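>>> Have a look at this fold, sequence not included:
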Ligand code: HEM
Ligand SMILES: CC(C)=CCC/C(C)=C/CC/C(C)=C/COP(=O)(O)OP(=O)(O)O
C-alpha cells in the first residue's frame, strides 16, 4: 500500500536519522570500550521511536499551518492522504512502544528524559513557542539537542557533564541551522502568521544572529578537546568545519547570492553529521597530544 509512504513521511525520517545518530554517538562516548549491547540496540530503537512520534504529533498539530506554506503543503495531512485519527493512532503507538522499550529494556532515567524531549518538541515547541515568540526555536532547540544526553543515559544510567557539552553543541547549532532556512522561507512563515525571526526582525538582523551563534558554536566545539573528552582528530575536524561555517555565515551577512540561505541550511546539516562522526572516530583513535 502506498499509505506506508505517507506514514513514513510523517516521521520526518531524515531529521530523525540525524537525531538518532547523535544519540548513538552519545552512547559510544559514554564508555571507554564498546557500550552494553542491549542499551545500544534498544536505546537506539526507543529514542528513534520517540523522535518519530514527536514528529508525527508535530504534523498533526501543525496541519493547518502546513497547509498555508509552500514548503509543507504537500505533506500527507494537508493533502488528505491520511486523516487526523490515523496520525494520532500512529503517534500514540510509536510513543507507547518507545516508552515501553526504554523503561523495560533500558532504564527509567532514559525513558523519563526521552518523554520530556518528546513533550518539549511535540507540545511545548509546536503548540506554544512556535506561534508565540521569535525565540521559539532557540528554546525549543533543547528538545532536539537532548539525544546525546539520552544516549549517554541509556548506557550509563546517569547524566554526565560531557554529555551536557554535546547537548550544548546541538543547542547552539540549532539557531543558525533553522534561521538560514527561515530566511529562505520567510514569506511562507509570514503568510502562515508564524513569528520566525526574519519575519519579526528582518533578514539583516537574522543574518547577524546567525553569525553570532556560529562564532559561539565554533568556540563551544573546542570545549570537548579542552576538557580532555576528545583528542586531536576531533579538534582538527571541528576547526575545519567551524571555519567553513564561519565563512558561510560571513557570506550570508554580506548577502552574497540568492541561493545562499538554503546552501547554509544544507551545510549546517552536513556540519553536524561530520562533527559527530569525528567525535566517534576520535573516541577510538584518540591522539592525546595535549599541549
Ligand atoms: C527546534 C529545533 C529545530 C528546528 C526548528 C528545525 C527546523 C528544521 C526545518 C524547518 C527543516 C526543514 C524540514 C522540511 O523541509 O521538511 C529541517 C530539516 C532538517 N533538520 Fe532541523 N530543526 C531543528 C533541529 C534539528 C535537529 C536537532 C536535528 C538533528 C540533530 C535536525 C536535523 C535536520 C535534518 C537532517 C534536516 C533535513 C531533512 C531533509 O533533508 O528532509 N534538525 N529542520
Ligand atoms: C528525542 C526526541 C523525542 C526528540 C524530538 C526532537 C525532534 C523530532 C526534533 C525535530 C526538530 C524539527 C524538525 C523541528 C522543525 O519543526 P517545525 O514545525 O518548525 O518545522 P516544519 O515546518 O518542517 O514542520
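In hand now; what should we look at? Predicted model only: the values in this text are computed from it and were never measured. Ligands and ions are numbered 1, 2, ... in the order given.
>>> just the residues of the protein that are near ligand 2, which are they?
12, 15, 19, 47, 50-51, 54-55, 58, 62, 72, 114, 117-118, 121, 126, 130, 143-144, 146-147, 150 (C-beta under 6 Å from any ligand atom). Every C-beta, even on glycine, is put in place using the N, C-alpha and C of the backbone.
>>> can we see that at 8 Å?
Residues of the chain lying close to ligand 2 by C-beta under 8 Å from any ligand atom are 12, 15-16, 19, 23, 47, 50-55, 58-59, 62, 65-66, 69, 71-72, 114-115, 117-118, 120-122, 125-126, 130, 136-137, 140, 143-144, 146-147, 150, 178.
>>> out of those residues, which are buried?
With burial judged by 16 or more other C-beta atoms under 10 Å, the buried subset of the residues of the chain next to ligand 2 is 12, 16, 19, 23, 47, 50-55, 58-59, 62, 65-66, 69, 72, 114-115, 117-118, 120-122, 125-126, 130, 136-137, 140, 143-144, 146-147, 150, 178.
>>> Check whether the helix or strand where residue 265 lies comes near ligand 1.
Element membership for residue 265 (DSSP states H and E) is helix 260-284. Yes: for helix 260-284, a contact with ligand 1 is found by C-beta under 8 Å from any ligand atom, at 265, 269, 272, 273.
>>> count of neighbours near the first one?
To tie it back to what came earlier, the one meant is residue 265. 20 (other C-beta atoms under 10 Å).
>>> wait, isn't it in contact with residue 185?
No: with contact defined as C-beta atoms under 8 Å, residue 265 does not reach residue 185; the gap is 9.4 Å.
>>> Report the spatially nearest residue to the closest residue to ligand 2 within the stretch 151-291 of the chain, omitting neighbours in sequence.
Nearest residue of the stretch 151-291 of the chain to ligand 2: residue 178, at 7.3 Å (C-beta to the nearest ligand atom). Of all residues not flanking residue 178 in the chain, residue 137 sits nearest, at 4.7 Å (C-beta to C-beta, 6 or more residues apart in numbering).
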